Structures are given as structure tokens and as C-alpha cells.
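Student: Have a look at this prediction, sequence included:
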Amino acid sequence: MKKSDENFYEQVQEEWLKFLILNMIGIVFTTGITFTVVIPGLKGFSLYLSVFILAFYFLIANIFVGLFKKRLYFVFTISLILSSLGMGWGLWLEWGEVSLVEHMNPVVIIGYPCIVAFIISLMYQFSTKVLLKRINF
């Protein structure tokens, strides 16, 4: 790995509060805004936005790597709570819209925050195992 990769994780550890707030806001807003456009088969699905959101979740997972070493369950729990909060915020903002009826399925309401938390945790685990071995962080 490059020296810049080491510097990223060091910078995350030095300014941990800023990065933690950035992650919290990022998860809440991302899940609140995108839950209607990233679920395949439902109205409004966008593949381009889904790929962008996965890249954003990879960034969030890497910030979690710098913040919390070897705390996978903690990252999963934080991601689940924040994504559920973001989902509730998104539902509250769009309440009453006709297009929201399709997304009011209990499987979507319960499943989407769980899937977001699982994806972030999976990317966290990947980054911890593969990337950190290369830079000995």
C-alpha cells in the first residue's frame, strides 16, 4: 500500500470526532434519501445510483476501520441503528406520497436497514482483513 493509505487511517484516528460525525450523518442521510431508488424491482430503481451508494458505503466502512479496530459487531450495531433512523426520517419526509405505497412493505422497512448494516459490516471486514494487512496498521 502507499504511504497515503497509512496517512488516511492516521488522520482518521487524529480527528476521530469529525470522522465519526461525518459517518453518522452520511449513513442517516444516505439511507433516508436513497431507500426508494436502490431496491431492484421497485418503482424508481436506479442502477447508477446503487453503484454510487455502494462506493459511498465503502468509504464509510473504511472510516470505521480507522475509528474502531476489530469491532465488527459494534460497527454492525451502529450501522443498523443509524440506517434505521435514516429510514424513519425518509419515511417521515415522504409520508403521504403515492409512490411511497410500494415501499411500505414490512420486508422493505425492516430489511433495508439490515442490508445496509450488513453491507457496511462486510466492507469493514474486507478492509480490515485485506487492506490493513498490507500496511500493517
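Tutor: Nice, thanks for sending it over.

Student: which SS state does the residue nearest the centre of the chain fall under?
Tutor: Centroid-nearest residue in the chain: Tyr57, 4.2 Å away (criterion: C-alpha atoms, centre = their mean). For Tyr57, the assignment made with DSSP: H, G, I helix; E, B strand; the rest coil gives helix.

Student: what pLDDT does it get?
Tutor: With respect to pLDDT, Tyr57 has a value of 95.

Student: Spit out the contact partners of it.
Tutor: Counting by C-beta atoms under 8 Å, 6 or more residues apart in numbering, Tyr57 touches Thr30, Val116, Ile119, Ile120, Met123. For every residue, glycine as well, the C-beta is placed using N, CA and C.

Student: let's see 10 Å
Tutor: By C-beta atoms under 10 Å, 6 or more residues apart in numbering, Tyr57 lies in contact with Gly26, Ile27, Thr30, Thr31, Ser79, Ser83, Val116, Ile119, Ile120, Leu122, Met123, Tyr124.

Student: Any of those buried? List them.
Tutor: Buried by 16 or more other C-beta atoms under 10 Å: Gly26, Ile27, Thr30, Thr31, Ser79, Ser83, Val116, Ile119, Ile120, Met123, Tyr124, out of those.

Student: Measure how buried Val38 is and give me the count.
Tutor: By the criterion of other C-beta atoms under 10 Å, Val38 has 23 neighbours.
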